[in-house]
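Novice: pasting a predicted model and its sequence here:
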Amino acid sequence: MDRHRGFARALLGCLCAIFCVSACLARTSVPKSYVDDKTRAIEGGRKVLVVVPQTSIGAGYQTFNMGPMMGLVPVLISIEINKLRAGDAQRLAGPLYAALASYDFNGPFYASLLPPAKASSWLHGQDFEFTQAGDPHSLEAELNESNTRQMLVLCGTYYIDFHQQRLTVELKSTILIRKIPKGKHGSVRLDPDYIPYQQVYRYIAYLPQSEGAAPEANFARWAADDGKLARRALDRGILRVSTMFAANLDADKAAIGRWRHRGDRHTVEKFGLLGWVVERDGDRTQLVEARTGTLNDIETIAVD
């Protein structure tokens, strides 16, 4: 009963917020998926900040495709529903949290990104740092303290999804400009309109025969044997997202366009994602999400 009341309050608050939120909505540009010549040509090196704002695997529930045609009311309602159902996911993930208590994600993730960042022909990375503070205020502080004109932020997250039964490793690569535009506050530098480059890479792992199985059963499989399969998926996820990052960091507009634009490919819905397939190799699929441009590397994890 308390849970239903909580949902009703959240739904009511969500509907009431529409009138406040709608007044604040504004068109923003989508940052480029490639680093253009103007951005690369800025003199001097770039600070490289690697961010992982978590200490253990996350758990959530995402089942709504929040496309731009849904409208504000359905989007806000779906967000509140997802928040409530995420509580169920977090309870089911208890054994997985325990199984991964000794798993070190942050160290290998940071180490995997240093070689491609240092090998870039234009980045000239310097002041390589790691932090768990990924909130806007902390990012602004890092940007202000940097003595470079640009800062490359590499933000990593890892989580298990209650609805899709998938384990995910995600990397968001973003360039921020240190200079504050004239007449603007410093926070505007985190707005999409002022971000010259941003690309998300995602590795998604499924268990064999997981479709249609109860969430409890799949969570238990991920957690079994000291989280053996989850550890395998996380290790592969770190490798895959760093590989995608390395392959595209120095790529030009034409090279990025070959996978970023749909071209003659059909738009399909696979794995709960709407987009187009750019590559298939056995149980492995690379798919670009139509709305966000996220490059997903998806596979069924091998089981011994």
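Specialist: Thanks, I have the structure now.
Novice: those helices in the stretch 201-304 of the chain, which residues are they?
Specialist: Along the stretch 201-304 of the chain, the stretches classed as helices by DSSP state H, counting those that start in this stretch are 215-249, 253-260.
Novice: quick one, which of these is packed in tightest?
Specialist: Among the helices of the stretch 201-304 of the chain, the stretch with the highest mean neighbour count (mean count of other Cβ atoms under 10 Å) is helix 215-249, at a mean of 19. Yep, even glycine has a C-beta here, placed from its N, CA and C like the rest.
Novice: so what secondary structure elements neighbour it?
Specialist: helix 72-92, helix 94-99, helix 106-119, strand 150-161, strand 167-177, strand 197-206, strand 295-300 (3 or more Cβ pairs under 8 Å, 6 or more residues apart in numbering; DSSP states H and E).
Novice: what does the pLDDT read for Met1?
Specialist: Note for Met1: predicted pLDDT of 45.
Novice: ugh, wrong one, Gln198
Specialist: pLDDT, read off for Gln198, is 96.
Novice: go on, Gly212?
Specialist: 75.
Novice: got the helices of the stretch 201-304 of the chain as JSON lines, with mean pLDDT and distance to Asp36 columns?
Specialist: Listed next are these as JSON lines, based on pLDDT from 0 to 100; distance: least, Cβ to Cβ, whole Å:
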{"stretch": "helix 215-249", "mean pLDDT": "95", "distance to Asp36": "13"}
{"stretch": "helix 253-260", "mean pLDDT": "95", "distance to Asp36": "7"}
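Novice: can those go into TSV with extra columns for distance to Arg291?
Specialist: Formatted as TSV, the helices of the stretch 201-304 of the chain follow (distance: least, Cβ to Cβ, whole Å):
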stretch	distance to Arg291
helix 215-249	19
helix 253-260	13
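Novice: between the ones you listed, which one is closest to Glu140.
Specialist: helix 215-249 (23.7 Å; Cβ to Cβ).
Novice: so Val278 versus Arg232, what's the distance?
Specialist: Taking Cβ to Cβ, to the nearest Å as the measure, Val278 falls 25 Å from Arg232.
Novice: over to Thr55?
Specialist: Taken as Cβ to Cβ, the span from Thr55 to Arg232 is 21 Å.
Novice: what do you get for Leu273?
Specialist: Here the criterion is Cβ to Cβ. By it, Leu273 lies 22 Å from Arg232.
Novice: could you pull up phi and psi at Val48?
Specialist: phi -120, psi 120 (degrees, to the nearest 10).
Novice: isn't it right up against Leu154?
Specialist: Yes. At 7.0 Å, Val48 counts as touching Leu154 under the criterion of Cβ atoms under 8 Å.
Novice: overlap in contacts, these two.
Specialist: Ala117 (Cβ atoms under 8 Å, 6 or more residues apart in numbering).
Novice: how distant is stretch 38-46 from the center of its chain?
Specialist: 25 Å (Cα atoms, centre = their mean, to the nearest Å).
Novice: how far does it stretch from one end to the other?
Specialist: With Cα to Cα, to the nearest Å as the measure, stretch 38-46 spans 14 Å from end to end.
Novice: go on, stretch 122-142?
Specialist: One end of stretch 122-142 sits 21 Å from the other (Cα to Cα).
Novice: buried stuff in it?
Specialist: For stretch 122-142, burial by neighbour count (16 or more other Cβ atoms under 10 Å) applies to 123-125, 128, 130, 134, 139-140, 142.
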